[in-house]
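1. here is my input, please return the structure:
(chains A and B)
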Amino acid sequence: MTRLDVLDTERCVGCQCCMFACARRLDVVSLGLSCIGVRSAGGISRGFRVVVCRACEDPPCAKVCPEDALRLRKGGGVIVLTDKCIGCGLCQQACVVGAVFWDHRVNKPLICVQCGQCARHCPYGVLGLTKGDRPGALAGASTAEKKAADAAQ
Amino acid sequence: MLPNDPLADVLYVDLSKRSFRVERREDLFADDLGGAGAGIRLLAETCPPGADPLGPDNPIVLTVGALTGLFPLASKTVAMFKSPHTGNLGESHGGGRSAIAIRSAGLGAIVITGASVSPVWIAVHGRDVHFRDADTVWGMTSLFTAGRVIRANEPGAGVRCIMRIGRAGEEMVPYACVTTETYRHFGRLGLGAVFGSKKLKALVVSGDAVIPTADPKVYKRVYKEIFDATQSDVMRKYHDLGTAENITPLNAIKGLPTRNLLSGHLPDAERISGEGLAEHYLGRRVACAHCPVGCIHIAALREPYSDDPYFYKTRMIGYDYEPIFALGSLLGIGNPEAYLRLMDTVEAVGLDCMSTGVVLAWATEAMERGLVSERDTGGVQLVWGDDGPYRAAVYGIVAGENDFYRALRKGAAYAAAQYGGEDFALSFAGHEMAGYHTGAAAHIGFLFGARHSHLDNAGYSLDQKALKSGEPVAPEAMAKALVAEERWRQVLSSLVVCFFARGIYTPDVICRALACAGYDVTPGDLEAIGRRVFRAKYDFKLREGFDPSAVTFPERIFQTPSATGRIDRDGFAKALEAMRAEVLAD
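-> Down below sits the predicted model:
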């Protein structure tokens, strides 16, 4: 399956069209409801940081969820099961890149679903959908080991 | 407009009382779309007739528009105030993240009145308003440093705007600007001085409001249409070289004001052109929020320290057409590094670069002619092309070092009235010229533009069309074309659509976009809005004493041939007459 990747942050102009595109997926217009964060890297003169979900193979956010509300997505990342989520915020604390965003209207996490709408609205090729494995937590593991890891979740 | 749209919410802040309130003003935003339309009404309401521009009564009005946040390039904030530079209507448009931030805070406008006793910055995060002690950042040499400190002390990274002033604003230099997101400005008519008069160092705004749409499906369709248009060739010139692209063609037609308009042509302009700067210095391009075009061009200037080998500093310095004209060609500066150094100094103190360049150009010629000596300038020898003395003079202006610099603070016309050289003080009705000596339309348009900006009606464009067709424009036709263009631009600036996107936002597209925001308007309605907003601005100008029959302009424009040839005095006088009639007509 495809997953979202930050291909080159140096090309980012900070227009935030990706953030608006992400929110439109939910039929809303708001920078506060985006699963992407674009911010300056210590002042605009230094360019930008682009925070998106890394689609971890063995996601820390899911590991800490006390309600199993983050289902592993095939190909990496998670799907938020909102009816299970209690809004505790542990997932947000567990993500070291800060890619778990928050929907304050319902007090639940907003996490990238790897749909690629943002990439389609990035005129500069900062974001893209990529296919195939990348070195992750389970790189080098056998199929049986991966299955075991899956089962352990 | 949609009944649940927070756009109609206006935040009123009283700095004297350190209090605030939010008032729902659908009357402003339903009728006039926001931006310039809502802004001029708020200004007329809140600014008492005859108010002292640097007194507590003068309000700062900031507005955004109905399409802000919803569609790309509706990303400008309109600032309205009474100008300390001209004593009349002050209107300035700035981009960066300002408009999206105000809209995201769940607001359509912010009105700041009163004055603080001690330095303060205002932080608006959604509906929370904080008054922060700004004593520590007041008086900092560089506005960049102050910005850094404020950044470290405020939430909202990534979605906030930080509008701030430099030393020039604190010192109330009447052409001080307000800088937002380091590289965008509310320039020209002295908003920075108005901030300074209120002891207001900065305004931080952020939020995460949801902006409603009438029908998400239709909205997405119209969005795609407009977004795709931004990726077309229409926007290419802003995207590739930025506005600096205009240096080469303007220089080629001898319309690039050079050495205080002693000429319209700078022989080595190639080096400070869009092409030259891009090839050797362009280090980064950035965009305003919700604008995929990315017209902001930033040069990387790497320079050695003279006292320590292998020790360098690298600065990131913005450039655009107008700053290159004002701090480059107009001062005879064709060396890009000299231009960039001067630009960096002007940015650090927070002066309007255009007025600064014009003032320094007058001073240089005055010195050349012996009207001003080194005794006046405190030993600074202003010479065409030399950035060192110019940078010293900039600090002299900001500090108000002596009588001479205090005169320069008040603009080119005032300085010339004290020292002589009125013929070549490039001031038009008290405001320093823009970078176009293309013909009569550029100057007439600037003189009568309601917000006193060359962008009001783009007279330079009219001149260039005449040059291409070889058909001079008759005075009446010129006046009519200028005012018609300006009326249309009131619609764009009420929507706060960037003028660069005027080719995309046609009346038809605007109506469909507005339907997504719950507005039922026709192209005819838009025309009526444009007319009404233009009228309202002129009403304010006349109320505050603008006399259309007493506008002043320098003799120099008749002496140096323009792009369309020597400007004919009689034709100019007739065009002035026609323009007076046109701006006063309903």
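2. identify the residues contacting the closest residue to chain B within chain A.
-> Chain B sits closest to residue A:32 of chain A, with a gap of 2.3 Å, by C-beta to the nearest C-beta. Just so you know, the C-beta spots here come from the backbone N, C-alpha and C atoms, and that holds for glycine as well. With contact set as C-beta atoms under 8 Å, 6 or more residues apart in numbering or on different chains, residue A:32 has these partners: A:104, B:104, B:159, B:207, B:208, B:209, B:210.
3. count of residues packed around the fourth one?
-> Read that as residue B:207. Look at residue B:207: counted by other C-beta atoms under 10 Å in any protein chain shown, it has 24 neighbours.
4. do the first one as well
-> Residue A:104 sits with 11 neighbouring residues when counted by other C-beta under 10 Å.
5. okay, and the helix or strand of chain B with the least pLDDT?
-> helix B:236-240 (a mean of 86; mean pLDDT, DSSP states H and E).
6. briefly note if that helix comes near chain A.
-> No: using C-beta under 8 Å from any C-beta of the partner chain, helix B:236-240 never reaches chain A; the gap is at least 8.6 Å.
7. next SSE after that helix?
-> helix B:247-252 (DSSP states H and E).
8. how far is that next one from where the chain is centred?
-> Centroid displacement of helix B:247-252 relative to its chain, using C-alpha atoms, centre = their mean, to the nearest Å, is 22 Å.
9. buried stuff in that helix?
-> Using 16 or more other C-beta atoms under 10 Å in any protein chain shown as the test for burial, helix B:247-252 gives B:247, B:248, B:250, B:251.
10. now the element after that helix, going C-ward?
-> According to DSSP H and E, the helix or strand after helix B:247-252 is helix B:274-280.
11. before we move on, the earlier item: mind listing what's buried in the least confident helix or strand of chain B?
-> Buried residues in helix B:236-240, defined by neighbour count with 16+ other C-beta under 10 Å: B:237, B:238, B:239.
12. out of the residues you listed, which is nearest to residue A:39?
-> The closest of those to residue A:39 turns out to be residue B:239 (C-beta to C-beta; 22.8 Å).
13. tell me who's in contact with that closest one.
-> B:293, B:294, B:295.
14. these: which ones sit near chain A?
-> B:293, B:294.
15. save the contacts of residue B:239 as JSON lines, and put in neighbour count, secondary structure and pLDDT too.
-> Listed next are the contacts of residue B:239 as JSON lines, based on neighbours: other C-beta atoms under 10 Å in any protein chain shown; DSSP: H, G, I helix; E, B strand; the rest coil; pLDDT from 0 to 100:
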{"residue": "B:293", "neighbour count": "25", "secondary structure": "coil", "pLDDT": "94"}
{"residue": "B:294", "neighbour count": "23", "secondary structure": "coil", "pLDDT": "95"}
{"residue": "B:295", "neighbour count": "24", "secondary structure": "coil", "pLDDT": "96"}
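16. and the contacts of residue B:239, which is closest to chain A?
-> Nearest to chain A among the contacts of residue B:239: residue B:294, at 3.8 Å, using C-beta to the nearest C-beta.
17. quick one, what contacts that closest one?
-> Residue B:294 makes contact with A:13, A:15, A:123, A:124, B:239, B:285, B:286, B:287, according to C-beta under 8 Å, 6+ apart.
18. generate TSV for those, with secondary structure as supplementary columns.
-> Shown next, in TSV, are the contacts of residue B:294 (DSSP: H, G, I helix; E, B strand; the rest coil):
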residue	secondary structure
A:13	coil
A:15	coil
A:123	coil
A:124	coil
B:239	helix
B:285	strand
B:286	strand
B:287	coil
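19. out of the residues you listed, which one has the lowest pLDDT?
-> Among those, residue B:239 has the lowest pLDDT, at 87.
20. now that residue: how far from residue B:505?
-> 17 Å (C-beta to C-beta, to the nearest Å).
21. find the residue closest to residue A:25 in space, skipping its chain neighbours.
-> residue A:117 (5.3 Å; C-beta to C-beta, 6 or more residues apart in numbering or on different chains).
22. list the buried residues of stretch B:446-465.
-> Within stretch B:446-465, the residues scored as buried using 16+ other C-beta under 10 Å are B:446-464.
23. from the buried residues of helix B:247-252, which is closest to chain A?
-> For the buried residues of helix B:247-252, the residue nearest chain A by C-beta to the nearest C-beta is residue B:247; the value is 22.1 Å.
24. now do the same for the spatially most central residue of chain A: helix, strand or coil?
-> Geometric centre of chain A, nearest residue: residue A:53, 2.1 Å, by C-alpha atoms, centre = their mean. The three-state assignment at residue A:53 reads coil, by three-state DSSP.
25. wait, it sits on residue A:77?
-> Yes: here residue A:53 reaches residue A:77: they are 5.6 Å apart, a contact under C-beta atoms under 8 Å.
26. identify the contacts common to those two.
-> Residues within reach of residue A:53 and of residue A:77 at once, by C-beta under 8 Å, 6+ apart, are A:111, A:112, A:114.
27. lovely, talk soon.
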